[in-house]
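K.L.:
Whatever this is, show me its structure:
(2 chains)
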2 protein chains.
Amino acid sequence: MRMKDLLGGKGANLAEMTSVLELPVPPGFTISTQACRDYMHANGEWPEGLDTEINDHVARLEKAMKRKLGDPSDPLLVSVRSGAKFSMPGMMDTVLNLGLNDRSVKGLAKVTGDERFAYDSYRRFIAMYGRIVLGIDGAHFEHPLERAKSEAGVRTDAELDSATLKSLCVMYLAVVKGQTGKAFPQAPDKQLRGAVEAVFKSWNGARAIAYRVREKISHDLGTAVNVQAMVFGNRDDNSGTGVGFTRNAATGENVPYGDFLVNAQGEDVVAGIRNTEDLDALKATFPAIHAELLAIFARLEARYTDMCDTEFTIEQGKLWMLQTRVGKRTGAAALRMAVDMTKGTKVGGGSNVSGSTKGSKKVWKISKEEAITRVTAEHLDQVLHPQFEGGDKRVIATGLAVSPGAAVGKVYFSADDAADAADRGEKVILVRSETSPEDVHGMMVSQGILTARGGLVSHAAVVARGWGTPAVVGAEAIRIEGKQFTVGEVVVKEGDVISIDGATGEVVLGEVALSASKPPEEFDIILRWCDKVRKGKLAVRANADTGEDAINARALGAEGIGLCRTEHMFLAPDRRPVVWRMILADTPAEEAAVLEELRVVQKKDFIEVLDAMDGLPVTVRLLDPPLHEFLPRVDELKDKKATTGLSDEESKLLGAALKWAEVNPMLGTRGVRLGVLKPGLYAMQVRALMEAVAERLANGGDPIVEVMIPLTVTREELALARSWVDKGIADAIDGSSKFARTKSGKKSSSGPRVSIGTMIETPRAALRADEMSEVADFFSFGTNDLTQMTFGFSRDDVESRMMPAYLEHGLLKRSPFETIDQTGVGELVKIASDRGRAAKPGIKLGVCGEHGGDPESIAFFHRVGLDYVSCSPYRVPIARLAAAQAVIAAAGAKKKSDSKKSDSK
Amino acid sequence: MRMKDLLGGKGANLAEMTSVLELPVPPGFTISTQACRDYMHANGEWPEGLDTEINDHVARLEKAMKRKLGDPSDPLLVSVRSGAKFSMPGMMDTVLNLGLNDRSVKGLAKVTGDERFAYDSYRRFIAMYGRIVLGIDGAHFEHPLERAKSEAGVRTDAELDSATLKSLCVMYLAVVKGQTGKAFPQAPDKQLRGAVEAVFKSWNGARAIAYRVREKISHDLGTAVNVQAMVFGNRDDNSGTGVGFTRNAATGENVPYGDFLVNAQGEDVVAGIRNTEDLDALKATFPAIHAELLAIFARLEARYTDMCDTEFTIEQGKLWMLQTRVGKRTGAAALRMAVDMTKGTKVGGGSNVSGSTKGSKKVWKISKEEAITRVTAEHLDQVLHPQFEGGDKRVIATGLAVSPGAAVGKVYFSADDAADAADRGEKVILVRSETSPEDVHGMMVSQGILTARGGLVSHAAVVARGWGTPAVVGAEAIRIEGKQFTVGEVVVKEGDVISIDGATGEVVLGEVALSASKPPEEFDIILRWCDKVRKGKLAVRANADTGEDAINARALGAEGIGLCRTEHMFLAPDRRPVVWRMILADTPAEEAAVLEELRVVQKKDFIEVLDAMDGLPVTVRLLDPPLHEFLPRVDELKDKKATTGLSDEESKLLGAALKWAEVNPMLGTRGVRLGVLKPGLYAMQVRALMEAVAERLANGGDPIVEVMIPLTVTREELALARSWVDKGIADAIDGSSKFARTKSGKKSSSGPRVSIGTMIETPRAALRADEMSEVADFFSFGTNDLTQMTFGFSRDDVESRMMPAYLEHGLLKRSPFETIDQTGVGELVKIASDRGRAAKPGIKLGVCGEHGGDPESIAFFHRVGLDYVSCSPYRVPIARLAAAQAVIAAAGAKKKSDSKKSDSK
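P.N.:
Reported below is the predicted structural model:
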């Protein structure tokens, strides 16, 4: 077990600060996470032997500090802090000044010669202990304090005199007795045990659980408890406390940065009660300490080769370091620092050095690979999309954050209304229960999309991500009724302004100011490094359906299209009536005529896409969704029938919608099954595609096409569909003069570059991948559907309704729609890859589900050996980063295992 | 390749008749199935070298017969018949009298001295060849024949004189010229090639394809072609033709049986143009031939140790055997023969012998194991359920045959109307688009169920099979509109009488007479033998939800209940309002109160089930279906709202139905997910169950309970659900005096026998079976859902809409809902069994999907090593039979492989 697992982040860090960095750290000890886990597993029974161990360590600490806990003459005081493996700032509990009681407070007053300080410490301790360990509402302590201040006619706590504080202590002790029925514990060992237990319990507090769900931290790690001798920043005006960053965490600029308060405890800085001062003020007040701190900053950066944040306290002129860790940073700062740090940094100096100073102990730097691993997907998202700026905002609901970026607009409740408003020049937020392809024309013109239902791979989420449109889905608190929605008491009517943040899931009433999104220059630098690292190992393509999307995707670095959804070409307002006529066609001749119309528009679309991706592969998926998705909804037509009545066409559409309606459309007549029922449809699509290829060739283009058959389950099905495509290609070659240079035969090396493959998106196709590979040139894993079917989770139903409960109960570690479920769905991907490659070595393998843009999933796909991932255009930079990180990690793992092997030889 | 694969059934049989049995068979040769496959694969190009081979064999035949094809003086005539591996009676084509032409017909007339016979044969040949090889409508030949008869003033063909037949030949030749534009082929080799090609083509005729789909015969086998010298039963009155059975195929009685016609060809017997005579008449007319035939019958039975059917022809006093094969038989006959044949049969005599005559060559018999393999599931179905009796019937539609038995009744279109009609004493057929749990009260009182949508495991199918109610589902031709349905022109109104046959899928207008269903005594004898064979190897349980079902299942031989669906207990008319109140409950207290009501009724139900299955295991599945299934349908409530308006309660129900509605309910909030959302529900069910157990124990019963958690996907989920059940059991033991004898502790061996397990019905659960087994005492494979998810096939949508096309195109060999898909779904079953057993040796494994009643699936489950199968009560006898057959087959396979192993030593 690693030190961090056992001691928690803070404990491990303290140990390192003391023994390796030799920083001035107050002495103490750490109770391991194991003790916390034992406590939890025993359902809150106190672990055997823990008291003895704590007592031993307290004795050792007392020896080192030459003071004793609760000593009436010169008491040792300690802090008790939680410290989990992963930082959970503000989520768990801390007790300071432990060891004070009615007698030792007097000793403290005497030995410090400062009665005011002693009673101020005591009243803080009683209140903190009362609140955190004994569960008393903080108001019970605040009211007497406020009263005392108003009676004394002062504004701040610091102005209260020692007598007032003394009587406040008496009042606080009475509060404890009154609220709990028991006296405040005077024995320091009891105090300590209570505080430790409170930290244990805080692990399963509601706040902490919610935080871990959000941050994807496992619930069963437990927390360590750090017990440390107190130092006091509030001792006098020669004392103080602060936080310091070795560089600017907001901009990344290589300039130390910090907040500082004279005569205060750490809580005062965090709570923001008093206005803090900066490091310049520290330098002015305590020049020696300022210099010592900067020297420590330099040692820390050299040690961690990264920006660190620190907490420090000055007690009567002496600097104590309470905490140091690699610090959090904004996206822009992360990019800047990562690039900066590859250039070399002087130890003890702040600025970058240029030129080589290799071998000099005074310079440290990181490799480009290391720089790549310093940047996260969230960092890129931050610089790619606008964000809410700071300030008050009224969050009325929270949903799933499915497409990052923030947006402001007037709400509209139907796609038609949204389109009309956009025509009038309004900025629109489209609000729907859920969306379907019927809504696409309204979604297109919206600044943002908000739905009450749905999950990470719901229609709204997938479409919005594809366009980079901010979206919040599955905001279940919202009740939509006609042209308004309510959340509790709040009513939001058509035309009212709301703001949404697709990176946090927040829905805000009114307009929130948005920051501009402009990636810094380091953005491109890092991504170019990434591309170099992953070249030939893991390609990144985009899911893009139109020429515009494709141009966008290529600009963002896509190396082709992994999924071009031909159905999206059916959805433009001028095309929907044509699609309706196809579905309503009574005779084969009528159907053929309408298909001919569609062919013309599809050809145009294909040309645009192939043009944008010239020289790069484009995977075109033949029509996939159930036909009823192109029709108006049954319930809306029925409602209209009951109110205003239906036109003739609408009546026919209702008939068709009823005919094609399905109980479980996700498991229904879609994908290649549509092809089997309406083979004319696929033939038309292949014809349109091949004509587009011919036209591109004629214009000197270099089109590379991969035709993809969706939702296959048997080899025979794929073979049948492939025969249609083969025939379509052969017909096109025979029939078009534009393929003149390939007339010599199909096998001509200068012929159109077309391959034919299938999506692997049913468990059966994955299991039978050996057979499937016999008639496929490539597989593309459709991990959305594969996840739906492997789990039996409908993306439209389960995710918003069940997933929160599943994550809270720890039944799932994370949504399998967000990050691939490696041991279930992932095993099917692995089985299919292995069997496909065994039967057809070199078969091309990729993934086009939403997981293609998720860093952890990308790492998994690289380990399985896929050739490429494909994701929505705005995820492409993230995928490029994650793919490079995956390649680096895999190389590292290989190196490790190789060296192990050679060790054991 | 086996002889039958290559020569087809008929060809292999002819070879055996000639060489082994030394029967008087007309000489000939067989063109192998390989030639047909070559022809098909080459898309109808004539296989190279086939002509040469045919010519060689014709030459050999001519030598043997000392006559030549087309010889103008004494021509050889041949028959050309198809013969596939599996018999496809009437499905493919035959040409007789081939070799006749304008010249050879004269030679035939001369050499036979019978001009009438010669021209009768020629006109038959031209008509048959014209129809089958040249594709001319038969009416073109029938009209001249009818005209000739009416001009001659005769009634039958046999009365036409030679001159008329001669002129008919001329007319027929003109018909051929007129219809095809070419002269009738006179060259015998051309005639032969045409006939052979016609047989090849007939393999892919519409009739043949439909037959193979129905009989589950692979489309790629191809047919052999048998070319055989003609013999003539229509030569004179010393000739004749007939079919003979070695025993009575209808009753099974050990008495030879046959149909016979003097002076006729085989077609005359089959076509039923003339009334046939029986074997007594044969004995009277041809006593020597009768004796020879009976002696052949005895040899055939001794050779095949089974009943055979034969075709024979007498040509001028000589008996020729044209065909022999093991004969088809009715269910009753199959049972009787199987039992009879274990008792010993004298060779040459008809009656059974009693006492041992071992060692005597004069007696043959079969073993009990062999007797078991002679009976099929269809045989049992025939004797278990009423059938349509013969006679005319007007079939207006055909759907999927999902629950065998025939029924007659008046149609009603809603469950309420059906229930009212049944109250009035009417016999009812419930007709619905599809059914849901809402319809159960109407289904309960119906004689039969007919739906327009749905498949083999749709709600209607599963429920109907459970009750043994005849059902036809997915009759897509039916259009239901209000209180009538139409099929093409036919309109069937509420109250009209229809008949349905759940074994064939036929829907008939009006009343059809039904045969009674009364199993013969051999039914129980055979099944007792089966039970002995499979004892300790593969148990058979029933899916039963009520005490009545359980009593029924036990009577049919079930050894426990493998699936007790607790939701069916919620559906009685008096309980539905209670369930509604539970769903509508606004507060936890309200919900708890309603759950308490439900607990009382569930307890009563459990007591009845446990009573009926005393001493046998009962697997109780906690609530599984989505809650909205218990509510009225949204569309029906909305329609009502638009017309008559809704009551307050109905408005609330509409709200609840909307709230719980899901886009893909099959992948939605159901199974253990319901438990996570409403844990009070499962706690209530466990409490009711444990109280029932306590009451049974107090009354001296021996209840054995297995609590089953449905639809799990993770170990954590199962562990959580298990903890609720464990707590429920512990509470019951602590709380009830009825467990007095177990008070000593939970581990008391005399405590309640309760185990806890899960359904494996998602692909993920199957893949993670090792983890799942850590918290499960048993697995029960829910292969319906597993099939839906593995294929992505909704049972409600895909099956009726897509499956027919899939089977016709050969994309699937059969519906995976009928017989388990061994290589896909089956692999998941195998993976789960292997991983589960590896992690927890001895974990109990069973299957409770509808496949548990399908013989081929049962054989697979036995090979995988499951402990039991569970099926609907009326399938239990079939499962007992199939399980025994599976055990016998596996033992046979083992023996074979063991002996191979010892051979190779």
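K.L.:
Check which helices and strands the helix or strand containing A:V829 sits against.
P.N.:
In this assignment (DSSP states H and E), A:V829 forms part of helix A:825-839. On a contact count with 3 or more Cβ pairs under 8 Å, 6 or more residues apart in numbering or on different chains; DSSP states H and E, helix A:825-839 meets helix A:763-767, helix A:769-774, strand A:778-781, helix A:783-791, strand A:844-847, helix A:855-864, helix B:763-767. For every residue, glycine as well, the C-beta is placed using N, CA and C.
K.L.:
would TSV of those with mean neighbour count and mean pLDDT be doable?
P.N.:
What follows is the helices and strands packed on helix A:825-839, written out as TSV (neighbours: other Cβ atoms under 10 Å in any protein chain shown; pLDDT from 0 to 100):
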stretch	mean neighbour count	mean pLDDT
helix A:763-767	29	98
helix A:769-774	22	96
strand A:778-781	28	98
helix A:783-791	27	96
strand A:844-847	25	98
helix A:855-864	23	97
helix B:763-767	29	98
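K.L.:
quick revisit: going by neighbour count, which residues of the helix holding A:V829 are buried?
P.N.:
Residues of helix A:825-839 classed as buried: A:825-833, A:835-837 (neighbour count, 16 or more other Cβ atoms under 10 Å in any protein chain shown).
K.L.:
Need the CA coordinates for it. CSV is fine.
P.N.:
Extracted in CSV, the C-alpha atoms of helix A:825-839 (Å, rounded to 0.1, in the frame of the first residue of the first chain):
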residue,chain,number,x,y,z
VAL,A,825,-18.8,-3.6,-21.8
GLY,A,826,-15.1,-3.3,-22.1
GLU,A,827,-14.7,-7.1,-22.0
LEU,A,828,-17.0,-7.3,-24.9
VAL,A,829,-14.9,-4.7,-26.8
LYS,A,830,-11.8,-6.8,-25.9
ILE,A,831,-13.4,-10.1,-26.9
ALA,A,832,-14.5,-8.6,-30.2
SER,A,833,-11.1,-7.0,-30.9
ASP,A,834,-9.3,-10.2,-30.1
ARG,A,835,-11.6,-12.5,-32.1
GLY,A,836,-11.8,-10.1,-35.0
ARG,A,837,-8.0,-9.7,-35.2
ALA,A,838,-7.5,-13.5,-34.8
ALA,A,839,-9.8,-14.2,-37.7
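K.L.:
the inter-axis angle of it versus helix A:783-791?
P.N.:
With axes from the mean of the first three to the mean of the last three Cα atoms, to 10 degrees defining the directions, helix A:825-839 sits at 110 degrees from helix A:783-791.
K.L.:
now helix A:825-839: mean pLDDT?
P.N.:
Averaged across helix A:825-839, pLDDT comes to 98.
K.L.:
Show residues contacting that helix.
P.N.:
Residues outside helix A:825-839 that contact it (Cβ atoms under 8 Å, 6 or more residues apart in numbering or on different chains): A:760, A:763, A:765-774, A:776, A:779, A:781, A:783, A:786-787, A:790-791, A:816, A:820, A:843, A:845, A:847, A:860-861, A:864-866, B:763-764, B:767.
K.L.:
Enumerate the residues of the stretch 701-850 of chain A near chain B.
P.N.:
A:711, A:713-714, A:716-717, A:720, A:761-764, A:767-768, A:785, A:788-794, A:796-798, A:801-802, A:805-806, A:809-812, A:821, A:823-825, A:827-828 (Cβ under 8 Å from any Cβ of the partner chain).
K.L.:
Weed out the non-buried ones from these.
P.N.:
Buried subset of these (neighbour count, 16+ other Cβ under 10 Å): A:711, A:713-714, A:716-717, A:720, A:761-764, A:767-768, A:785, A:788-794, A:796-798, A:801-802, A:806, A:810-812, A:821, A:824-825, A:827-828.
K.L.:
For A:L322, identify the helix or strand it belongs to.
P.N.:
Assessed by DSSP H and E, A:L322 sits inside strand A:318-326.
K.L.:
I should have written A:G258 there, sorry.
P.N.:
strand A:257-262.
K.L.:
near chain B, which residues of the stretch 401-550 of chain A?
P.N.:
With Cβ under 8 Å from any Cβ as the criterion, the stretch 401-550 of chain A comes near chain B at residues A:E434.
K.L.:
count of residues packed around the residue in the stretch 401-550 of chain A that chain B sits nearest to?
P.N.:
The nearest approach of the stretch 401-550 of chain A to chain B comes at A:E434, 7.6 Å away (Cβ to the nearest Cβ). Counted with other Cβ atoms under 10 Å in any protein chain shown, the neighbours of A:E434 add up to 19.
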